[in-house]
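**Q** Please work out how this folds:
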Amino acid sequence: MNSKTIIVFVLTAGMVAAALVYDGVAHRHTGNSAQAISQSPVATPPAAEAPNASNAQADAQADVQSKAPAADAAPTAEPGQDAVSGDTSGDASQAQTDADVPAAAAAQPIVVPAGTTLTVRLGEQLGSRISEANQSFSATLDRDVVVDGQTVIAAGANVTGKVAFARPAGALAGEANLQLKVTSVNVNNTDMPVVTSIRSFGPQIKGKNKVGKFMKGLVKRAAGDEREVLLAQQSAYSFTLRRGLQIE
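**A** Next up is the predicted model:
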């Protein structure tokens, strides 16, 4: 065997040996890797059971807020205090309202009922001969007008009246007659119109008819028994309200 053949043989043997060694190492490495994988499996949780990060964060935040003091909670109102402002303006307003109730009740109109008597004192002289129908006259209220124990028109209030009828003596019937009525009363500086009964003054000649009255009147004139009606100044007379009077 020559040297060239030996060299070829040695190279061939080396290559075979190297191939065998490489194959063994690769086979051993593959076995170790498979064993490591089988002994240490990685447990991957199912996607459906994985915790939701956003839900976990929301739960944590809710837990923190539930433990923290409620900063926005409205303060408990003390008795007698307003629930919003914390002051006693509510009680003050209620007290003011309660105070206004008697005033409002007092402001209700007062009605002087029909049938009430008005006693007036004449401010001038009136008579069947010296006065004329539709003539106005002045007077003053002589007595307080009281309703339910309260004086609603004080004595001294100015009164206005009117002569409803005036007839001197010597007429056909021979009888003098004077009729008066009250037309207004001054209340709180306001002349309030009133309707009263008509008060008649003078002798009444009684007869069954006009002819009988006329004959009796002639007898009176013949006897000189005719008399005029004369009402003195400052004399007092009463009139009755025929309609109620409302006083504001």
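
**Q** pLDDT on stretch 118-125, on average?
**A** Average pLDDT, stretch 118-125: 97.

**Q** Residues touching it, excluding its own?
**A** The contact list for stretch 118-125, computed with C-beta atoms under 8 Å, 6 or more residues apart in numbering, reads 137-143, 145, 159, 161, 182, 185, 194, 196, 230-241. All C-beta spots, glycine's among them, are computed from the backbone N, C-alpha and C.

**Q** Could you list the buried residues of that stretch?
**A** 118, 119, 120, 121, 122 (16 or more other C-beta atoms under 10 Å).

**Q** Among these, name the ones in strands.
**A** 118, 119, 120, 121, 122 (DSSP state E).

**Q** out of these, who's nearest residue 5?
**A** Distance to residue 5 across those (C-beta to C-beta) is lowest for residue 118, with 171.2 Å.

**Q** could you measure that closest one against residue 203, distance?
**A** As judged by C-beta to C-beta, to the nearest Å, residue 118 and residue 203 stand 25 Å apart.

**Q** need the strands for this protein, in chain order.
**A** Counting by DSSP E, the strands of the chain are 110-112, 117-122, 126-127, 136-141, 145-147, 150-153, 158-167, 177-187, 190-193, 199-201, 230-231, 236-240, 245-247.

**Q** could those be laid out in a markdown table, adding distance to residue 16?
**A** Formatted as a markdown table, these follow (distance: least, C-beta to C-beta, whole Å):
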| stretch | distance to residue 16 |
| --- | --- |
| strand 110-112 | 142 |
| strand 117-122 | 157 |
| strand 126-127 | 170 |
| strand 136-141 | 156 |
| strand 145-147 | 146 |
| strand 150-153 | 144 |
| strand 158-167 | 156 |
| strand 177-187 | 147 |
| strand 190-193 | 145 |
| strand 199-201 | 166 |
| strand 230-231 | 172 |
| strand 236-240 | 159 |
| strand 245-247 | 142 |
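
**Q** Enumerate the residue intervals of this protein where per-residue confidence is below the cut-off.
**A** 1-4, 8, 18-107, 171-174, 204-226 (pLDDT under 70).

**Q** Run through the helices of it in chain order.
**A** 3-39, 53-67, 89-106, 210-222 (DSSP state H).

**Q** isn't residue 196 right up against residue 240?
**A** Yes - if you go by C-beta atoms under 8 Å, residue 196 and residue 240 touch, sitting 6.1 Å apart.

**Q** ok, those two, which is more surrounded?
**A** Per other C-beta atoms under 10 Å, whichever of residue 196 and residue 240 has more neighbours is residue 196, with 22 against 14.
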